[in-house]
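Trainee: Can you look at this prediction? I've put the sequence above it.
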Amino acid sequence: MNHNLLSPLEKYTQENPQVVLLVHGEENGEGIEIIIFRGFSSCLTGATEFDPDLPVLSSSGQILSIDCICSPYNPDNPQFIEQNLSPVAFAKKYL
């Protein structure tokens, strides 16, 4: 079973429903964007598996940066709280 790299972020959004996280990452050498809201992750740049137990980002994937956005998320006019946080900076500040 793969460790879900997004689990701590999903838990954070479940406990903080006023925040949406936009995760910028890399999977198999390709850029990937994932949105996380109320404990659920969805891939914005590709298909999301129907089974919520399957991770959107594999254990070989990489989180490059995280944007914190006010909920509700409007892709045409996102209200950023913070942008381009490294995973370490996000964890220190929010987890």
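Mentor: Looks like it came in fine.
Trainee: how about the strands in this structure?
Mentor: Taking DSSP state E as the criterion, the chain contains strands spanning 19-27, 30-37, 40-43, 62-70, 80-85.
Trainee: From residue 94, how far out is the residue nearest to residue 93 when sequence neighbours are not counted?
Mentor: The spatial neighbour of residue 93 that comes closest, neighbours along the chain excluded (Cβ to Cβ, 6 or more residues apart in numbering), is residue 85 at 7.3 Å. Just so you know, the C-beta spots here come from the backbone N, C-alpha and C atoms, and that holds for glycine as well. For residue 85, the distance to residue 94 (Cβ to Cβ, to the nearest Å) stands at 8 Å.
Trainee: Which residues are in contact with each of these two?
Mentor: Where contact means Cβ atoms under 8 Å, 6 or more residues apart in numbering, the residues bridging residue 85 and residue 94 through contact with each are residue 68.
Trainee: which other residues reach stretch 62-70?
Mentor: In this structure, residues lying in contact with stretch 62-70 by Cβ under 8 Å, 6+ apart are 5-6, 9, 18-27, 57, 78-87, 90, 94.
Trainee: switch to 7 Å and redo it
Mentor: 5, 18-26, 78-87, 90 (Cβ atoms under 7 Å, 6 or more residues apart in numbering).
Trainee: Quick check: ChimeraX command selecting the buried ones in those.
Mentor: Written as a ChimeraX command, the selection of buried residues from the contacts of stretch 62-70, which uses 16 or more other Cβ atoms under 10 Å, is:
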select :5,19,20,21,22,23,24,25,85,87,90
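Trainee: Ranking helices and strands of this structure by mean pLDDT, which lands last?
Mentor: strand 40-43 (a mean of 90; mean pLDDT, DSSP states H and E).
Trainee: neighbouring strands for that one, and are they parallel or not?
Mentor: For strand 40-43, sheet partners with direction are given as strand 30-37 (antiparallel), following DSSP bridges.
Trainee: Taking strand 62-70 as reference, get the angle to the strand it pairs with.
Mentor: Using axes from the mean of the first three to the mean of the last three Cα atoms, to 10 degrees, the direction of strand 30-37 lies 40 degrees away from that of strand 62-70.
Trainee: Good, we can wrap up now.
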